[in-house]
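*Asks:* curious how this folds, go ahead:
(chains A and B)
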Amino acid sequence: MILRTEKLCKSFSNGGVQQHVIKNLDLEINEKEFTVIMGASGSGKSTLLYALSGMDTPTLGKVYFGDTNISDYTNDRLAVFRRENCGFVFQSIFLLDNMTVFDNVMTAALVRRKNSPELVKKAEEMLKKVGISEGTWKKYPNQLSGGEAQRVGIVRAVINDPKILFADEPTGSLNSASAADVLDIFTNLNKSGQTIVMVTHDLKTALRGSRVIYLRDGAVMGEYRMPSYGEDDIKARREGLQDFLDEMGW
Amino acid sequence: MYKIMRLAWTNIKKHKKESISLFLLITVCMMLFASALSTRVNVSRMAEHMGEITHSKENYVFFSNDSFDEHYGTLLAEDENVSGIADVNGLYSLGSTYIDRNNEEQSMYMLFITLETEKKFADAEIETTLSDEEIAALEHPVFMPWAGHDSMGYEVGDTFTMIYGGKEYPFTVAGFFPTVLFPTPAGGMKFIISDEDYRSLERLLGEYRGFAYETAPGTGYDVKKEFIDKCRDYSGKSLYDTFTVYKEELQEQATSYTDIIELVMIVMSLIIIISVALVIHMHITGDIKDQMVNIGVLEAIGYTSKDIALSYGAEYLMIAAAGSILGGICSLFLSRVLFGICELVCGTRGEYSPDPIFGIVTGIGICLIITAVALVRAGMVRRYPAVRALRKGTADHHFAADILPLRNTKSNVHLRLAMKGIFGQLRQSVTIMVSVAISVAAVLTILVFRRYLSSDMGLLKGVMGMEMSELNVTLQVSADPDEAAEQIRGMEGVRKVLATTNLTKDYLSAPELNDYQFFVVSYEDFEETENIFLCEGRFPVHDNEIMLARMNGTKYNIHTGDTVTLEKNKARRDYIVTGFVTSITNNGANLYMTHEGYRAIDPLWQPADIGIYLEEGVDKEAFKSELTRRYGKTVADAHKESGEGEGSLEEKLRRKADKYIAHMLSVYGAVNVEYTVQSGDTVVTGGSDSFMIASTLDYAEVARTQLGGFISAVGGMTALFMVLTALVIMGIIFIIMEQEVRREYRELGVMLSMGYTTRELMIQLALRLMPAVIVAVILGIAGSRVILNGMSGYLGQIIASPLVTAAASAAVVVFCFACAYLGARKIKDISVYELITE
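*Replies:* This is a model prediction of the structure:
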């Protein structure tokens, strides 16, 4: 187990009105697992993701990374925690507009370690691996297609070999072809041992996971473990997940 | 119009902090500028009406008793521009000192007059807390100008002790009065004393007689000049020791003291307005880019680009108007305070009348400048029609070269990222550069100038253009200067003595320079001098050579090698200018020549002063006492001595002999008297040597006293200027950083999500400003050098200490970094979660 929550609560206050988004949530994330968090809009999926990743602090309850409670960390300590342990892929991609593709990746790499030829080589190789050719490295984000940008986003997220990769609707803004390419990258990463926690409301995307958690009104309503990853089992996986989601009222 | 104002108001509310910062900067700018104008007008008015305010005449001519003739009054009355002539007489002393409130001896020019004389030419109200009976009961009452109270700190009842010839003369301060003649310690002070004390001092100090009178406006100088010429023609005397004061000169002096204060304030307000204009220019550019989509929406729903541009104009007009109103109100108070300071520095009291017109004019000017800058910049909205604006314009597309790629990073990543950011923020860098460069230039200039004036006498000595020997003695007319120099040279502790001219007696006029009067500084050999520094050419060696102060060389466009015609006692002679000296004393009127050169135009001249240079570690006060004891006996003192009384036979004999010598010196004009008396086995010898010295003067103290008020004013203004500059720079940097964080909200949020801490990001943003700041500091130093070099043309070489420059520059860089770092603290408000889920 790499991540664990204990009675996790997250509330927001808007105009004096309290809104409890996550309610007493207990959850465990295991190493090398591809956990998919699903739920209807407003169910608290993203809120949970960012509370788990140290991007946001819980209102009540605790988040343990291994045995370390990170829920009372200061903002700067959480930043250090994130740089050492987490990678993020966003729905809006959020590449840095004023930097080239390569610099976007290096900005993340250099936050953790000093520059070295090995680091540059690693960035180059990872970009090549996700299909970003050398000719694209010097381009700026607004010169890329959505799929290319998200692939760069993934490289940026994993360049520091994070212990967990968090992804929030990573294919939400992509067309189906680009989405498939991106999901393949996630699948391959998981196969190579990367722990992934992904939020999605897309069935096809969720099918890539090994475990699906369904949230409703800030609480875990159910959990579904995918049978296996094999190409032959795709139909069984789809049907199983569909049944689970039907049961959850999705 | 309403829709435009509504848009403008919405924008102000949206950028509250920037709006408030700009409002405060404009308030300060308005306050300084309007105050400077108002103070200038009030001081000028005060100077113009000084005579009326103090009920005194504003033109004076004083002749030494020897040169005075009753007929002069008739000659003066012949001039149709002259009215209200009154006879005046007073005791004028250049060599006297006084004990200040800190019990230290200070030099000051003093004029003593009686109340009866004062009433002849001035009727100012004397303020006192004593009754007539109490004043009458005082043994030695003295009334002094208000500067005695305001600058020197005397109160009624305090003791004011004058020292002359080593002897103390205590007076009791009985009251204060406003005056135009000799109003401050810097220029000299006029004291009203009792008839009895006047008669006592008359034996010590030379009496001057002359006239006080009124002149038609603008004729003061011409009347004075014509009158002196007539008197010379009538009497056949040189009248070299005449001293004059005329109306325009008084007015000029009064306003010149306040010039530096006003200059500083105006420069400061100009720095602010330039900075504000740049900030507005930059702010609008950034805002239009940030609000591109909103602008597109507004245009889509029917607002024209002109409406939107006007809304920016209205936004800044509102801020400028609000700042101007508050600044205008504050200026009314500030100008009153400044006027009080000016009264103090001028030694005169005037009537202050707040004049809102300056505030209104300045306010309108500021509003117009700000609105014009805003409208010109907001004109860029026209480049973005609705559709293009909704597509976020074209500026978002980057096709630029990849500057400072991270793959080549060898340094700290934060530094590298900061440097990358600079190239995207050239406009803001220029704003910072211009604001900081102007501020640094101004701060360094004033700082160096302040140090130059006051830090220690070492710096000041460098620009005095006069020898600053430990003591300067003025010899009795009867004394032989060579003999006197020889005797003083033989005293213990004396390193060197140099015979020279007396600045109060030795001057030459230049007929071709509007009869400009030069103070003659003469030495046998200038190579022996220690404090006269050449800034061009060489020292005069031959009898037809002179040097001038750089200030006058510049003023009269005289160059090395030029010929200047000089006149004394109707004798004229041409002299070649061999060089220039750094000198700020006597407003640059010093003229340097050898003894032979001076004798070439005045054959009977002989040195009247001796500069005494003491060895290291010699107690100056003890030496002065010994000198006075040996050679400083006054004729008046000796007259009073009876020869009877206590003491041995030898002492009694000496007292009796001194009395006879005093009689021979004063009545018969004897030059040298010696005596030998034998009584039994006792032989007593002596002579007129003990009467050799008329007065002693410490030029360093005179310089300190003369420049004291000015230095205090400059010092105060320097401090105020630096605080204001710091506030302005801080305000500008805060505005820029605030805007920077808002503009890069998204990027900073992403960086936070990657694991960059807020501290690291704050450092990155602050570092981005540093190249601009460093370039600005370099430009500022260069600018200050240019200004100081310009000033050097008048004041001589002003050396900016590399240490001061380096320290000030480093302080500016650190200060700017600290401001930028603190200004970027808004990063802390960025919630990554909100950013991502927005």
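*Asks:* per-residue confidence for the residue of the stretch 551-700 of chain B found nearest chain A?
*Replies:* Nearest residue of the stretch 551-700 of chain B to chain A: residue B:554, at 53.5 Å (C-beta to the nearest C-beta). C-beta coordinates here come from the backbone N, C-alpha and C atoms, glycine included. Turning to residue B:554, the model gives it a pLDDT of 80.
*Asks:* could you pull up the residues touching residue B:489?
*Replies:* Contacts for residue B:489 (C-beta atoms under 8 Å, 6 or more residues apart in numbering or on different chains) come out as B:496, B:497.
*Asks:* and it, its phi and psi?
*Replies:* phi -60, psi -30 (degrees, to the nearest 10).
*Asks:* distance of it from chain A?
*Replies:* Using C-beta to the nearest C-beta, to the nearest Å, residue B:489 is found at 75 Å from chain A.
*Asks:* give me the element the residue of chain A at minimum distance from chain B is part of.
*Replies:* The minimum distance from chain A to chain B, using C-beta to the nearest C-beta, falls at residue A:83 (2.3 Å). Secondary structure from DSSP states H and E places residue A:83 in helix A:75-85.
*Asks:* circling back to that earlier point, what sits closest to the residue of chain A closest to chain B if chain neighbours are left out?
*Replies:* residue B:755 (2.3 Å; C-beta to C-beta, 6 or more residues apart in numbering or on different chains).
*Asks:* surely the one you found and residue A:84 touch.
*Replies:* Yes: counting by C-beta atoms under 8 Å, residue B:755 touches residue A:84, with 7.2 Å between them.
*Asks:* list the buried residues for stretch B:544-564?
*Replies:* B:544-556, B:558, B:564 (16 or more other C-beta atoms under 10 Å in any protein chain shown).
*Asks:* residue B:733 should be in a strand, yeah?
*Replies:* No: read with DSSP: H, G, I helix; E, B strand; the rest coil, residue B:733 is helix and lies in no strand.
*Asks:* what's the burial count for it?
*Replies:* For residue B:733, the neighbour count with other C-beta atoms under 10 Å in any protein chain shown is 30.
*Asks:* now residue A:93
*Replies:* Neighbour count for residue A:93, taken as other C-beta under 10 Å: 23.
*Asks:* ditto for residue A:218
*Replies:* Residue A:218 is flanked by 23 other residues according to other C-beta under 10 Å.
*Asks:* ok, now which ones touch it?
*Replies:* Residue A:218 is in contact with A:10, A:20, A:21, A:22, A:23, A:25, A:43, A:44, A:47, counting by C-beta under 8 Å, 6+ apart.
*Asks:* which one of those residues is nearest residue B:687?
*Replies:* Nearest to residue B:687 out of the contacts of residue A:218 is residue A:10 (C-beta to C-beta; 108.2 Å).
*Asks:* now the helices for chain A?
*Replies:* Counting by DSSP state H, chain A has helices at residues A:45-52, A:75-85, A:101-110, A:117-129, A:146-158, A:176-191, A:203-206, A:234-248.
*Asks:* check which residues of the fifth one are buried.
*Replies:* For helix A:146-158, the neighbour count (16+ other C-beta under 10 Å) marks A:147, A:148, A:149, A:150, A:151, A:152, A:153, A:154, A:155, A:156, A:157, A:158 as buried.
*Asks:* the first one and residue A:171 touch, don't they?
*Replies:* No: at 9.3 Å, residue A:147 and residue A:171 do not qualify as touching, with contact defined as C-beta under 8 Å.
*Asks:* what is in contact with these two at once?
*Replies:* Here residue A:147 and residue A:171 have A:178, A:179, A:182 as joint contacts, going by C-beta under 8 Å, 6+ apart.
*Asks:* let me have the buried residues of helix A:146-158 in CSV, extended by distance to residue A:165 and pLDDT.
*Replies:* Shown next, in CSV, are the buried residues of helix A:146-158 (distance: C-beta to C-beta, whole Å; pLDDT from 0 to 100):
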residue, distance to residue A:165, pLDDT
A:147, 18, 89
A:148, 19, 92
A:149, 17, 91
A:150, 13, 91
A:151, 14, 92
A:152, 15, 93
A:153, 11, 92
A:154, 8, 92
A:155, 11, 92
A:156, 11, 91
A:157, 6, 92
A:158, 6, 91
